[in-house]
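> return atomic coordinates for the entry below.
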Amino acid sequence: MTTTTLAVLVPLIPFLGAAAGLLLGHAAPGFVRPLAVLPSLTSLVLAVLVAVHQGGDQAIDAHTELTPTGSVPIELALHIDGFAALVAVLVGVVASCVQIYSTGYLRDDPRYPSYTALVSLFTSAMLLVVYSGDLIVLLVGWEIMGICSYFLVGHYWETPEARAASIKAFLVTKLGDVPFLIGLFALATDAGSFRITTVLGTVASGGLHHPTLVALLLLAGVAGKSAQFPLHTWLPDAMAGPTPVSALIHAATMVAAGVYFVARLLPVFQASSAAMVVLAVMAAITMAGSALAALAQDDIKRVLAYSTIGQLGYMTGALAVGDRGAAVFHLLSHGAFKALLFLAAGVIIHASGTNSLAVMSRMKDLRIRVPDAYWTMTVALLALVAIPPFSGFFSKEAVLGAAEHVATGHTEQAPGAAGWIVLVAGLITAVLTAAYATRLWLLAFRGRGAEAPDHGRQPLTMTVVLWVLAVPSLAFGLAYGPLPDWFDGRDLTPVLTTSVLGTGLALVGGLVTYGAWRHTSAMAAGVPLGAVVAHPDADAGTVEAEAIAMHAPAFGDVAYAADPADPGRLLLGPLHRHAAVGFHLDAVYDVLFVRPVQAGAALVRFLDREVVDTYVRGAGALPRWLGAAVRRAQTGNVQTYVSALLAGTVVLVVAALLVATGA
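The predicted model follows:
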């Protein structure tokens, strides 16, 4: 079997599994789990074989014209280079782990058959994006992922949060997809083709007529899909979906698609210095802002969601300084430890009965209840913080090293301003990342108070997956030596200066957070467990207070409006209340976009009902009145008709005489 045939089967098999699952899931429940797991595993094996055959050498290209479309043809094309081969393996690994994990996590869910079919379709769409050599075919996978995310985020559609989150995710990403589509057409018009290799050849020869406009249009779609500022607001709300879905979206699909797209078409963006600076600014705001927001979140999944936004900011920052090798390297390592973080969080939520870190902080011995989640999440958090020798250290330092090279003028693959922006923001984010990761670990596993509830042992399929993902989270970074062969020969070895500085800042962030936790824990030690603890930043009756109070029955009558032992409140101070709501960006969008649209809709409705309908009703009223008058004359009485005939005759005679006399 040729490499091209293997590559075609990689996205095709999960698609067939999804179709079979949707058709047979409810009719043959015994086939649901095999149809969920086997296609993903088979696709993973085939992706590994494709990667071995590709070997980091020359890209594999194959194409056939899909349909004649005129001057710009659409082709079913493959373009598999080292980036595509490795990212496809990542997608296969994470998707397989999610499907195996879900067999235990959603074992009693009545909608499990449709859920697992949608996960397979999601996987197939991402693999299509990764392997596609034609921009229109890539767009098909891009949009299918949007539909799948809508259904999967809204899996628990009975809850208003899930319904609102699914709609928000769909609309915000579509908001970015409109200019994205225009940018694709503009790019293909200049290149005369949707083939990626042809587009890149056009850019190399200087044939791109409007590089800045095209790049900015494409960046809008990337910002929506990869949850970058200012279109990132959908991702934290998407946590209303099942936890395995969060792991899939955050680690290997959907949000990774935007970063991968820019990496694939990086020369298009490098053709415009302005676009590279815009990309750097977008990455910087995303990194620092999301890290501050993560430090203020109470929901453990929202902490991880903002963490994903920030780590994607590192990837876009690497692209902003022209180093796609560092960007994809961090994409791969992040995929492993972020999938592990979400799946471990699912085990913790299952064991504690709550998403709230404030409630978990009042549970002692939670780490004893879930030792597998405790140890594996510790590994994943160390990778997130970029402590050597965990995988995140090597990939994050590769990003900072690339930014330092551009900032100091060692390379001119991007504007120097972009290098300084990414470097400074990346170092600041390193401190904040360590702070929110340490806070999460302390509140979740070092709680004090009531005994943690015992919900029984977690299914083996859930805990085994955690240890599988812990291996690359720990060891993947150690394999950075041979990776340059896959990344166009680019050396990914971290620069010593940025390595020492980045690691030192991470240690400072962790130690300061630990000190703040010790201080706040001492202050909270005298608070009785039965009390309702208020905080100046948390007003009674707020959504936060009500959400935390909902979990009180899990361990008696304890209800905390705000955790007095939360170091995030001490570290952020007055900024905490703003960071907790994402710096009010949703409120800004409500004022700038939602309310004007609603007002416009109300005006259109008024004009339609009160103006247009009035004319329509008036146009129908006159014939109706005339008809009524004529109907009244039709009495059916012959004498009346004869009298009217005679009267009319008399009138005509008189009129004729008057006319004759006048003449």
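> buried sites along stretch 267-277?
267-272, 275-277 (16 or more other Cβ atoms under 10 Å). Where you see a C-beta, it was placed from the backbone N, CA and C, and this is true even at glycine.
> do the same with stretch 137-157
137-139, 141-142, 144-146, 148-156.
> would you list every one of the helices in the stretch 351-500 of the chain?
Assigned helices in the stretch 351-500 of the chain, in chain order: 357-360, 366-369, 371-385, 391-407, 416-445, 460-475, 496-524 (criterion: DSSP state H, counting those that start in this stretch).
> what helices or strands is the fifth one leaning on?
Right, helix 416-445. Other elements packing on helix 416-445 under the criterion 3 or more Cβ pairs under 8 Å, 6 or more residues apart in numbering; DSSP states H and E are helix 273-294, helix 300-320, helix 357-360, helix 366-369, helix 371-385, helix 391-407, helix 496-524, helix 567-572.
> what about the residue lying closest to T4 once chain neighbours are set aside, which helix or strand?
Spatially, and ignoring its direct neighbours in sequence, T4 is nearest to A62 (4.6 Å; Cβ to Cβ, 6 or more residues apart in numbering). A62 belongs to strand 60-67 when assigned by DSSP states H and E.
> quick one: whichever helix or strand comes after that strand to strand 60-67, angle?
Proceeding N to C from strand 60-67, the next assigned helix or strand is strand 74-80, under DSSP H and E. Counting by axes from the mean of the first three to the mean of the last three Cα atoms, to 10 degrees, strand 74-80 lies at 170 degrees to strand 60-67.
> show me what the helix or strand that comes right after strand 74-80 is packed against.
The helix or strand immediately downstream of strand 74-80 is helix 82-105, counting by DSSP H and E. Packed against helix 82-105 by the contact rule (3+ Cβ pairs under 8 Å, 6+ apart) you find helix 3-24, helix 32-54, helix 112-131, helix 243-251, helix 255-264, helix 324-352, helix 460-475.
> and the fifth one, what's buried?
Neighbour counts over helix 255-264 (16+ other Cβ under 10 Å) mark 255-264 as buried.
> mind putting the residues you listed in TSV, distance to A84 and pLDDT included?
Below are these laid out as TSV (distance: Cβ to Cβ, whole Å; pLDDT from 0 to 100):
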residue	distance to A84	pLDDT
V255	18	93
A256	12	93
A257	12	94
G258	15	94
V259	13	95
Y260	8	95
F261	12	96
V262	14	96
A263	10	94
R264	8	94
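> which one of these is nearest to A444?
V255 (23.7 Å; Cβ to Cβ).
> chain center to stretch 422-435: distance?
22 Å (Cα atoms, centre = their mean, to the nearest Å).
> mean confidence for that stretch?
For stretch 422-435, the mean per-residue pLDDT is 96.
> alpha carbons of that stretch, as PDB, please.
Only the C-alpha atoms of stretch 422-435 are listed here, as PDB (Å, rounded to 0.1, in the frame of the first residue of the first chain):
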ATOM      1  CA  VAL A 422       6.600  38.500  22.100                       C
ATOM      2  CA  LEU A 423       9.700  38.200  24.300                       C
ATOM      3  CA  VAL A 424       8.500  40.600  27.000                       C
ATOM      4  CA  ALA A 425       5.000  39.300  27.000                       C
ATOM      5  CA  GLY A 426       6.300  35.700  27.000                       C
ATOM      6  CA  LEU A 427       8.400  36.400  30.100                       C
ATOM      7  CA  ILE A 428       5.600  38.100  31.900                       C
ATOM      8  CA  THR A 429       3.300  35.200  31.100                       C
ATOM      9  CA  ALA A 430       5.900  32.700  32.400                       C
ATOM     10  CA  VAL A 431       5.500  34.300  35.900                       C
ATOM     11  CA  LEU A 432       1.700  34.300  35.700                       C
ATOM     12  CA  THR A 433       1.500  30.800  34.300                       C
ATOM     13  CA  ALA A 434       3.500  29.500  37.300                       C
ATOM     14  CA  ALA A 435       1.200  31.500  39.600                       C
END
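> any chance of the helices and strands packed on helix 416-445 in a markdown table, with mean pLDDT too?
What follows is the helices and strands packed on helix 416-445, written out as a markdown table (pLDDT from 0 to 100):
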| stretch | mean pLDDT |
| --- | --- |
| helix 273-294 | 96 |
| helix 300-320 | 96 |
| helix 357-360 | 88 |
| helix 366-369 | 88 |
| helix 371-385 | 95 |
| helix 391-407 | 91 |
| helix 496-524 | 87 |
| helix 567-572 | 91 |
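> so which of those helices gets nearest V612?
Closest among the helices and strands packed on helix 416-445, once you apply Cβ to Cβ, is helix 273-294, at 43.6 Å.
> mind giving me the packing neighbours of that closest one?
helix 211-225, helix 266-270, helix 300-320, helix 416-445, helix 576-580.
> roughly how far apart are the closest residue to T461 other than its chain neighbours and A344?
Counting by Cβ to Cβ, 6+ apart, T461 lies nearest to G104, which is 4.1 Å off, once chain neighbours are set aside. To A344, G104 is 14 Å away according to Cβ to Cβ, to the nearest Å.
> which of the two has more neighbours?
A344 (32 against 19; other Cβ atoms under 10 Å).
> ok, the nearest residue to the more buried one once chain neighbours are set aside to A437 distance?
Take A344 and drop its neighbours on the chain: the residue closest to it by Cβ to Cβ, 6+ apart is M377, 4.0 Å away. For M377, the distance to A437 equals 10 Å [Cβ to Cβ].
> between the helices and strands packed on helix 82-105, which gets nearest to L505?
Once the helices and strands packed on helix 82-105 are compared by Cβ to Cβ, helix 324-352 is nearest, at 17.2 Å.
> distance from the closest one to the middle of the chain?
14 Å.
> hang on, the earlier thing: could I get the helices and strands packed on helix 82-105 in a markdown table, plus columns for distance to L442?
As requested, those are exported to a markdown table (distance: least, Cβ to Cβ, whole Å):
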| stretch | distance to L442 |
| --- | --- |
| helix 3-24 | 39 |
| helix 32-54 | 35 |
| helix 112-131 | 33 |
| helix 243-251 | 21 |
| helix 255-264 | 27 |
| helix 324-352 | 14 |
| helix 460-475 | 20 |
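> which of those sits closest to Y589?
Taking the helices and strands packed on helix 82-105 one by one with Cβ to Cβ, helix 255-264 is closest: 19.4 Å.
> and the residue nearest to A344, what is it in contact with?
340-341, 344-345, 348, 441, 444 (Cβ atoms under 8 Å, 6 or more residues apart in numbering).
> export those residues to TSV and tack on distance to P236 and pLDDT?
Converted to TSV, the contacts of M377 look like this (distance: Cβ to Cβ, whole Å; pLDDT from 0 to 100):
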residue	distance to P236	pLDDT
L340	20	95
L341	15	96
A344	19	95
A345	14	94
I348	18	92
W441	20	96
A444	18	92
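> closest to K396 out of the residues you listed?
The closest of those, once distances to K396 are taken by Cβ to Cβ, is L341, at 15.2 Å.
> against L423, how distant is that closest one?
26 Å.
> okay, and the beta partners of E451?
Following DSSP bridges, E451 is listed with bridge partners K364.
> surely it meets I368?
No: checked against Cβ atoms under 8 Å, the pair E451 and I368 is beyond contact range at 10.2 Å.
> could you pull up the residues touching the nearest residue to A470 once chain neighbours are set aside?
Take A470 and drop its neighbours on the chain: the residue closest to it by Cβ to Cβ, 6+ apart is T376, 4.6 Å away. Applying Cβ under 8 Å, 6+ apart, we find T376 in contact with 340, 344, 466-467, 469-470, 473.
> 6 Å instead?
340, 344, 466, 470 (Cβ atoms under 6 Å, 6 or more residues apart in numbering).
> make JSON lines out of these and add distance to L432.
Listed next are these as JSON lines, based on distance: Cβ to Cβ, whole Å:
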{"residue": "L340", "distance to L432": "21"}
{"residue": "A344", "distance to L432": "21"}
{"residue": "L466", "distance to L432": "26"}
{"residue": "A470", "distance to L432": "24"}
